[in-house]
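Engineer: no sequence for this one, just the structure:
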């Protein structure tokens, strides 16, 4: 228990979670059979979505499997922000197929549903009962994840997100961490600019919030700061010229590092707010996180100015000789300016009614308790943040 004390991380038990192996490289999918240690006669389930299927990416994987005499089934019914019904359908497919392993191929939703497929074989009953922290009792089928976006970091995390009604919930367990993450930046080159922005700023929000978490430690902070640096230097390039493979490579690496950075420390109230209004108004997860990020950073500035100063420096801001709070403010402004340049909308722009802000704030504070947050978020605080987000002004 944390009790009434806030201890520095050097006095805390440090825990990190990671796949057994992480492979990053151009055309890495060409060696997926070897990296996943698949053998002739095995049978795998590929969990993906129709967009990835239509883009021809699934065929690249299945061609490799066929050459190795590995049989497979493809489930391509993953929805964006999958509901529990989608998770139950995936579980039914996995339980009935006598598979030896699961491959998650796609964005965060596909990889999260691959985690559900894996765990469902060893853990009976409805998937809903596994929503929460450490409710998964048994390790599932071997799980291999290949991201086609550079954002969620799900290829390395212990989290699988499902939408329950209009509320985002998560299965959080070390038993669903993928066994191998295979990151091929070339798979992200076809992402359109809007998806590039949403996924890239999602990764940035993961890194920033992980750094701000009270449960951060020297290892996770180092990963988070390097992810911030890479995103700051490469997201604009990837947005304006998606064919730039160097930028895509560094964005893919940053997303994976950001995922590792929050695996132990968790996320803070930026995700609380984003996961409240996002499902209500059909705003994609990455975009809702981007809309929230500069405002939650501003909220945390009085509590952790030194950490925001680190973030400012990682973003290339000149903080030399500045008081910590002024240096930290530069991080807030840098992220805000990045969001403005990349056309991130306001709450007003996505149709949120201003009169509903108190209701959204109340729900957020009630449903998303974050004991790792460096500052308590009250209903009044949430209202002020949401009002600023509605106007789109710091």
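Structural biologist: Nice, I can see it. None of the values given here were measured: they were computed from a predicted structure.
Engineer: so which bits of the strand or helix carrying residue 62 are buried?
Structural biologist: Element membership for residue 62, per DSSP states H and E: helix 57-67. The neighbour-count check on helix 57-67 (16 or more other Cβ atoms under 10 Å) flags 57, 58, 60, 61, 62, 64, 65 as buried. For the C-beta atoms, the positions are set from N, CA and C on the backbone; glycine is no exception.
Engineer: what is that helix packed up against?
Structural biologist: helix 32-36, strand 43-47, strand 71-75, strand 101-106 (3 or more Cβ pairs under 8 Å, 6 or more residues apart in numbering; DSSP states H and E).
Engineer: average pLDDT across the longest one?
Structural biologist: Taken as a whole, strand 101-106 has an average pLDDT of 98.
Engineer: and the following helix or strand past that strand, how far out from the chain middle?
Structural biologist: Toward the C-terminus, strand 101-106 is succeeded by helix 108-122 as the next helix or strand (DSSP H and E). The chain centroid and the centroid of helix 108-122 are separated by 15 Å under Cα atoms, centre = their mean, to the nearest Å.
Engineer: same question for stretch 293-303.
Structural biologist: 20 Å.
Engineer: and what of stretch 85-97?
Structural biologist: Taking mean C-alpha positions (Cα atoms, centre = their mean), stretch 85-97 and its chain are 23 Å apart.
Engineer: likewise stretch 48-56?
Structural biologist: 20 Å.
Engineer: run through who's touching it.
Structural biologist: Stretch 48-56 is touched from outside by 57-58, 74-80, 104-107, 109-110, 148, 190, with contacts defined as Cβ atoms under 8 Å, 6 or more residues apart in numbering.
Engineer: now list the buried members of these.
Structural biologist: Of the contacts of stretch 48-56, these count as buried by 16+ other Cβ under 10 Å: 57-58, 74-76, 78-79, 104-107, 109-110, 148.
Engineer: pick out the most distant pair among those residues.
Structural biologist: 57 and 79 (17.7 Å; Cβ to Cβ).
Engineer: can you give me the helices in the stretch 201-350 of the chain?
Structural biologist: According to DSSP state H, counting those that start in this stretch, the stretch 201-350 of the chain carries its helices in the segments 218-240, 245-262, 269-281, 285-300, 305-314, 324-341.
Engineer: what's the separation between residue 230 and residue 189?
Structural biologist: 17 Å (Cβ to Cβ, to the nearest Å).
Engineer: between the two, which one's more packed in?
Structural biologist: residue 230 (24 against 15; other Cβ atoms under 10 Å).
Engineer: contacts only, for the closest residue in space to the more buried one that isn't next to it in sequence.
Structural biologist: Excluding its sequence neighbours, the residue lying closest to residue 230 (Cβ to Cβ, 6 or more residues apart in numbering) is residue 254, at 3.8 Å. By Cβ under 8 Å, 6+ apart, the contact list for residue 254 reads 150, 203, 207, 226, 227, 230, 231, 234.
Engineer: most neighbours among these, please name it.
Structural biologist: residue 150 (33 neighbours).
Engineer: residue contacts, it?
Structural biologist: 185, 188, 191, 196, 199-200, 203, 238, 248, 251-252, 254-255.
Engineer: domains in this structure, as residue ranges please.
Structural biologist: The chain is divided into the following domains under automatic domain parsing: 21-187, 190-391.
Engineer: for residue 350, give its distance to residue 387.
Structural biologist: Taking Cβ to Cβ, one finds residue 350 at 15 Å from residue 387.
Engineer: report pLDDT for residue 43.
Structural biologist: Value for residue 43, per-residue pLDDT: 98.
Engineer: isn't it up against residue 65?
Structural biologist: No - Residue 43 lies out of contact with residue 65 (Cβ atoms under 8 Å); the separation is 9.8 Å.
Engineer: let's have the domains of the chain in CSV, adding distance to residue 13.
Structural biologist: Below are the domains of the chain laid out as CSV (distance: least, Cβ to Cβ, whole Å):
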stretch, distance to residue 13
domain 21-187, 14
domain 190-391, 9
